[in-house]
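Chemist: Okay, predicted coordinates and the sequence, questions at the end:
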Amino acid sequence: MSQQYNQFIYYKGNERLELQTNQEPGIYAFIVYNCNKSFSQLSFPDNVENDWVKSEYDNGDSTYNLLFRYEPAGTPTVTTWPNGTFNDPKLIFTIEDTGTLFTSDLTVDWVNDTSNTGTVSANPAFNDPYNREYTEYNEGSGSGDPHIKPMYNKHVYLIPNKNAIYKYFDNQEANERTIINVEMKVYSLKLIIFAEELLRRKYYDEYRKAKENIVKFVPDQKHEYDSCFANIISVRYENEIMTFDIESMTVEEHINPEYIKITDLSRSDQKYYRSKKIKGIIPDVKMRTITVPSKKYGSIDIYIYRDYERLNHRNHIELILKNGNKSNMKSCSGILLYLGTHDLTVPSLDYVGEVEQDTVKNIHGLKTIGEYMTKELKAELKQYRFSIRDRVIAKDFSLLEGI
């Protein structure tokens, strides 16, 4: 088997899978395992609809194996785009229901032997030799709030809960230098839980005050359970800088305004941050999008969501690069791309720093969510939450005076 090709690219921004058959010896058939979408939920361009034979297997757990064989006019053929018979568009399929996205890191097997037709219900579906790889994100591949999903790491990591400024993205280009730095702020988990419990028990007047107290009483010395959230984002394009307050969803400062654009405040599109319904009601979530031009990447979009109801899920930041393939991204740094970026934290929001062209492995040792949220910690957090709940049940509202 081989994993050197990376021919299947998942464009998260438009919920589509593209086949990049620019490597010899091309592709005859491929299968996507455990996809959270069936064929009925996908749409296909004409060249896929007419020339590919499609087979589906229901795994019985709301996932599907999707098998494709390239047989134009009924003849088994190997695709070698752009020099062969499978012409543009390379697009394989898009999602009909844009309210949900593909599962990340889908496993794909493919073959170039037209006699190796595959079995859609099996894993592996093909006889040896076959090739295995995983769908790689292109657009919308980095997000963090402080749960970080880097473009080139398969897991979700947790930023340490401290007041600090992190480098989210740096294209490391001498020309068109683009940098995104984000300031994190620690808020008291005690006050967050207290407000949530007041709302749950319909103490609405007390809840409104408790909700305001979360940002009013910022702890000088954090508790080990306290949470940190993205608070201020700074976007630099050459000498132009936009500083944006995520809590208020307003532009704080825009220096040399010309190229960086921002949309008006609007209701969430539910695309990159799917808010949780509470008793069937969709919570109040707003969004704005900052767009930075780029000759190399087409454009860079920063989607910012602000959740006004889920107090411990205050915001979400999604980084979208229109032409964000691996060859373009090799010189970039930032924790939304690599955990091996040289500057995990930076001294100021407008920090630029020297150009560093190489990246390394996870030198900062950030923990995944699974590594952080141990069984023991879950039990401790549950007990901590219950202790605050019991105070509310006893109508002890002393936390309204702060921490």
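Modeler: Ah, there it is.

Chemist: Quick one: residues contacting residue 174.
Modeler: Neighbouring residues of residue 174 by CB atoms under 8 Å, 6 or more residues apart in numbering: residue 355. Quick note: C-beta positions are derived from backbone N, CA and C, even for glycine.

Chemist: Any regions of the stretch 301-403 of the chain where pLDDT drops low?
Modeler: For the stretch 301-403 of the chain, the stretches flagged by pLDDT under 70 are 324-327, 339-343, 356-365.

Chemist: would you list every one of the strands in it?
Modeler: In the stretch 301-403 of the chain, the strands defined using DSSP state E, counting those that start in this stretch lie at 315-321, 367-368.

Chemist: Residue 290 belongs to a helix, doesn't it?
Modeler: No: the assignment for residue 290 (DSSP: H, G, I helix; E, B strand; the rest coil) gives strand, which keeps it out of a helix.

Chemist: which ones are touching it?
Modeler: By CB under 8 Å, 6+ apart, the contact set of residue 290 is 233, 235, 242, 244, 260-262, 301-302, 304.

Chemist: Let me have the strands of the stretch 301-403 of the chain in TSV, extended by mean neighbour count and distance to residue 41.
Modeler: TSV is the format used below for these (neighbours: other CB atoms under 10 Å; distance: least, CB to CB, whole Å):
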stretch	mean neighbour count	distance to residue 41
strand 315-321	25	22
strand 367-368	14	30
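
Chemist: now those strands as TSV including distance to residue 380?
Modeler: Listed next are the strands of the stretch 301-403 of the chain as TSV, based on distance: least, CB to CB, whole Å:
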stretch	distance to residue 380
strand 315-321	26
strand 367-368	16
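
Chemist: between the ones you listed, which one is nearest to residue 76?
Modeler: Of all the strands of the stretch 301-403 of the chain, it is strand 315-321 that lies closest to residue 76, at 36.7 Å by CB to CB.

Chemist: What strands flank that closest one, and is each parallel or antiparallel?
Modeler: strand 142-143 (antiparallel), strand 298-307 (antiparallel) (DSSP bridges).

Chemist: Need the winner for burial among these.
Modeler: The highest mean neighbour count among these, using mean count of other CB atoms under 10 Å, belongs to strand 142-143: a mean of 24.

Chemist: Next SSE downstream of that one?
Modeler: strand 147-148 (DSSP states H and E).

Chemist: residues in contact with that next one?
Modeler: So strand 147-148 is in contact with 142, 156-159, 335-336, 366, 369, going by CB under 8 Å, 6+ apart.

Chemist: Alright, that wraps it up for me.
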